[in-house]
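In: I'll drop the sequence and a predicted model, then ask my questions.
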Amino acid sequence: MRSISLFGLSDVKLYFDFGSDYFRDRQEVLNRLQTVALPQNLEPQLSPWSAVGEIYRYELEGEGCSLNEIKATQDWLVRRELKQVPGIVDVTTFGGSTKQYQAEIDPQKLLQYNVTLPQVLSALGASNQNAGGNYLQVGAQNVNVRGLGLLKSVPEMGAVLIAERNGAPVFLRDVADVHEGYQPPLGRVGRDGDSNIVKATVLLQRGEQSLPALEGVRTKVRALNGGLLPRGMKIDTIYDRTSLINTTTETVRHVALTGLLLVMLLLL
């Protein structure tokens, strides 16, 4: 067992003998993780990464697009589309910036409107979650009713009701500067002189065949570049294992044929 810890991440690697059963080992790790007591809001996850799993790498480019927009498209569109390809277990993303809707609270305005910080946090949390509404009977069927409370823009966030003072509502925009920002990055990826790009690696499921999965990935990439991506964005391939597989196969074929010819000459 080896471990590496850094800000916001603790990575533990377990190494097994080659003769052990992979799926039995995996299940044993899951069983033991359930007995570990962790601090609040911490959930351990098994990584799909393996030493031979990286089969495709690409950069998502966006002419005239911000890093927030490119990263959001990668996380919410491209990654989900590529994970639908049979044999692909995950797509890991590096670089870029994660978009956030941020509210910078003004302490003076909190005092002015007689509002506390816990009130602001509670109102934001209550306004950004779904709510169930039981069901509605329509003939012989029941239709589930729910309220969608997902905030989708800065104006919607600014219109969150915090409190009511003397019959007048106090909104979030009254006590805070609401704007679009990004989560502080923990790293950066550069390529060809560009110091900050969005790069991703496609990971193959253990035991799957590379060539059929790569063909599916290329088909999906062509569809994304053909119109599924927002205007100005495209996927630029950095690494495709197909060339390595073809070169290796050709080398093995050449060595095998050469060996057969040498054996035949010796026998003759």
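Out: Perfect, thanks for sending it.
In: for the residue nearest to residue 53 when sequence neighbours are not counted, helix, strand, or coil?
Out: Of all residues not flanking residue 53 in the chain, residue 203 sits nearest, at 4.2 Å (CB to CB, 6 or more residues apart in numbering). C-beta here means a position set from N, CA and C on the backbone, and glycine is covered the same way. Using DSSP: H, G, I helix; E, B strand; the rest coil, the secondary structure recorded for residue 203 is strand.
In: over to residue 134. Which of the three states is it?
Out: strand.
In: equivalent analysis for residue 72, please.
Out: Applying three-state DSSP: residue 72 is helix.
In: give me phi/psi at the residue nearest the centre of the chain?
Out: Centroid-nearest residue in the chain, with CA atoms, centre = their mean: residue 75, separated by 4.8 Å. Main-chain torsions, residue 75, degrees, to the nearest 10: phi -70, psi -40.
In: number of residues surrounding the residue nearest to it when sequence neighbours are not counted?
Out: Distances taken as CB to CB, 6+ apart place residue 93 nearest to residue 75, at 6.5 Å, with adjacent residues excluded. The tally of other residues near residue 93 (other CB atoms under 10 Å) stands at 17.
In: quick one: secondary structure of residue 93?
Out: Under three-state DSSP, residue 93 comes out as strand.
In: show me what it bridges to in the sheet.
Out: Legend: beta-bridge partners of residue 93 under DSSP bridges are residue 200.
In: just checking, it touches residue 72?
Out: No. At 10.8 Å, residue 93 does not count as touching residue 72 under the criterion of CB atoms under 8 Å.
In: re earlier: distance check, the residue nearest to the centre of the chain against residue 176.
Out: The spacing between residue 75 and residue 176, counted by CB to CB, to the nearest Å, is 26 Å.
In: mean confidence score for stretch 250-268?
Out: For stretch 250-268, mean pLDDT is 95.
In: chain center to that stretch: distance?
Out: Put simply, stretch 250-268 sits 48 Å off its chain's centre (CA atoms, centre = their mean, to the nearest Å).
In: state the number of residues packed around the closest residue to residue 44 other than its chain neighbours.
Out: Closest residue in space to residue 44, ignoring its immediate chain neighbours: residue 33 at 5.2 Å, by CB to CB, 6+ apart. Neighbourhood size, residue 33 [other CB under 10 Å]: 13.
In: surely residue 33 touches residue 45?
Out: No. Between residue 33 and residue 45 there is no contact, the gap being 9.2 Å when judged by CB under 8 Å.
In: hmm, back to that, can you pull the contacts of the residue nearest to residue 75?
Out: Contact analysis of residue 93 by CB atoms under 8 Å, 6 or more residues apart in numbering lists 71, 74-75, 79, 198-200.
In: could I get the pLDDT score of it?
Out: 92.
In: isn't residue 203 right next to residue 87, touching?
Out: No. Counting by CB under 8 Å, residue 203 sits too far from residue 87 to count as a contact (10.0 Å).
In: out of those two, which sits in the busier spot?
Out: The residue with more neighbours, out of residue 203 and residue 87, is residue 203; 23 against 20, by other CB under 10 Å.
In: hang on, the earlier thing: mind checking how far the residue nearest to residue 75 is from residue 233?
Out: Distance from residue 93 to residue 233, counting by CB to CB: 14 Å.
In: same thing with residue 244?
Out: Applying CB to CB to residue 244 and residue 233 gives a distance of 27 Å.
In: more neighbours: which of these two?
Out: Per other CB under 10 Å, whichever of residue 244 and residue 233 has more neighbours is residue 233, with 22 against 12.
In: quick one: that one from residue 64, how far?
Out: On the measure of CB to CB, residue 233 and residue 64 end up 9 Å apart.
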